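S.K.: next comes the sequence, and after it the predicted model I'd like to discuss.
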Amino acid sequence: MSTFTVGICQQGVVPDKQANINKARRMIGEAAAGGSRLVVLPEMFNCPYQSDLFARYAECYPDGPTITMLAECAAEHKIILIGGSIPERDDDGKIYNTCFIFDEDGKLLARHRKTHLFDVNIKGGTVFQESQTLAAGSDVTVVKTSLGTIGVAICYDVRFPELARTMVLKGADILVYPALFGPVTGPAHWELLLRSRAVDNQAFVIGAAPALNAAAEYKAYGHSAIVDPWARIMAMADEAETVIFGTIDLQIVDRVREELPLLKHRRPELYEG
Ligand SMILES: NC(=O)CCC(=O)C(=O)O
C-alpha cells in the first residue's frame, strides 16, 4: 500500500508500569480509531528513563505484560505497531533498550536493540550513562511490512547518519525513531536531526517521543514529528500528551529520488575508512 495514515502516541510516562501499559493500550486504540495503519510509541514508554529502574521494569520476550499488550493491540486493530522501546532482558541476563515490531496479526516481525548507547556529560545540562545498565545491540533493523519497508532505530541512534544510510541502502523508505530527547539537546538538535536524516536519505522520518512529565527525573522534550522526504515537517506535537497523525505517500519517496537522484550519485569508493 503506497498511501496510509501513521499515528504517533506521544504518551506521558509515570512510575507505575501497569498504568503506562494501560495508557499505551488506550492511545494505540485512539491512533487506530483515527485511521492509522502504522502506529508508533515512544522510547521507554513503560518505564521512567532512569538507569536504576531499567532492570526492574525489564521483560523477556515473549513473556511480560508490555510485550503481550503490544501483540494484542496490533492484532486487535490490524495495524503495524512499532512498539517504542522497553527494557528487554535477554537469556544471558543482559538488558537492552529494545523496540518490538508487530504485524497486523500480532506476530513479531523484528526487534531493534538500540545500537548506540547514550553516554554523555553535557556541562550544565544532561548527564546520562546508559552503558551502566544497558548493553548495545549490534544489528541494523530493516523490516518489510505490508505498508512498505521500514528502518527502525532508537533515539541517540538518530545522530549517526551512517546507520540511517545503511537502513536506506537496505531498502528502507521510512525511518522510525522511538526517542526521548531532553530539555537541553531537544530544542537544539531534535528537529534538525529528523530533518537531516530525511533530506540525507530522501525518506520519511518519524520521531516518537514521550510527553513531558514535570515530575520525572529526566524530563522529555516531546515534539514527536513526521517529516517527509523533502524534509518538510508534516506534523509536530508540543510537549503535551497527544496522538499526532500524518499521511505517508511512498510515491513522494520515488519522486524525490528520481528528481534529485543523490543516492545514485554516491561515490562510496571515496568514503571508506
Ligand atoms: N534517550 C536518548 O538516547 C537521548 C538522546 C538525546 O537526548 C540526544 O541528544 O542525542
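M.R.: That came in fine, so what should we check first? Numbering: from 1, shown residues only.
S.K.: can you point me to the longest helix in the protein?
M.R.: As assigned by DSSP state H, the longest helix anywhere in the chain is helix 17-33.
S.K.: next secondary structure element downstream of that helix?
M.R.: Sequence-wise, the next helix or strand downstream of helix 17-33 (DSSP states H and E) is strand 36-40.
S.K.: please identify the buried residues of the next helix or strand after that following strand?
M.R.: Next in sequence after strand 36-40, counting helices and strands by DSSP H and E, comes helix 54-57. Using 16 or more other C-beta atoms under 10 Å as the test for burial, helix 54-57 gives 54, 57. Yep, even glycine has a C-beta here, placed from its N, CA and C like the rest.
S.K.: quick one: buried residues of the following helix or strand past helix 54-57?
M.R.: Per DSSP H and E, the first helix or strand lying C-terminal to helix 54-57 is helix 65-77. Within helix 65-77, the residues that count as buried by 16+ other C-beta under 10 Å are 66-67, 69-71, 73-75, 77.
S.K.: circling back: what angle do the longest helix of the chain and helix 65-77 make?
M.R.: 20 degrees (axes from the mean of the first three to the mean of the last three C-alpha atoms, to 10 degrees).
S.K.: let me know the angle separating helix 17-33 from strand 36-40.
M.R.: Using the same axes, to 10 degrees: helix 17-33 against strand 36-40 is 150 degrees.
S.K.: residue 229 in helix, strand or coil?
M.R.: Here residue 229 is coil, with the state taken from DSSP: H, G, I helix; E, B strand; the rest coil.
S.K.: ok so, going back, and the buried residues of helix 65-77 near the ligand, which?
M.R.: Among those, no residue is within reach of the ligand (C-beta under 6 Å from any ligand atom).
S.K.: now the residues you listed in TSV, with pLDDT and distance to residue 237?
M.R.: Converted to TSV, these look like this (pLDDT from 0 to 100; distance: C-beta to C-beta, whole Å):
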residue	pLDDT	distance to residue 237
66	98	22
67	98	26
69	98	22
70	98	21
71	98	26
73	98	21
74	98	23
75	98	27
77	98	21
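S.K.: residue 173 against residue 251, yeah?
M.R.: No: between residue 173 and residue 251 there is no contact under C-beta atoms under 8 Å: 10.4 Å.
S.K.: what about the two, which has more around it?
M.R.: Per other C-beta atoms under 10 Å, whichever of residue 173 and residue 251 has more neighbours is residue 173, with 23 against 9.
S.K.: now that one: how far from residue 48?
M.R.: Separation of residue 173 from residue 48 (C-beta to C-beta, to the nearest Å) stands at 34 Å.
S.K.: cool, residue 28 as well?
M.R.: Taking C-beta to C-beta, one finds residue 28 at 20 Å from residue 48.
S.K.: mind listing the helices for the stretch 51-200 of the chain?
M.R.: Assigned by DSSP state H, counting those that start in this stretch, the helices in the stretch 51-200 of the chain fall at 54-57, 65-77, 161-169, 185, 191-201.
S.K.: what's in contact with the second one?
M.R.: Spelled out, it's helix 65-77. Residues outside helix 65-77 that contact it (C-beta atoms under 8 Å, 6 or more residues apart in numbering) are 17-18, 20-21, 24-25, 28-29, 32, 39, 46, 59, 61-62, 79-81, 83, 86, 100, 102-108.
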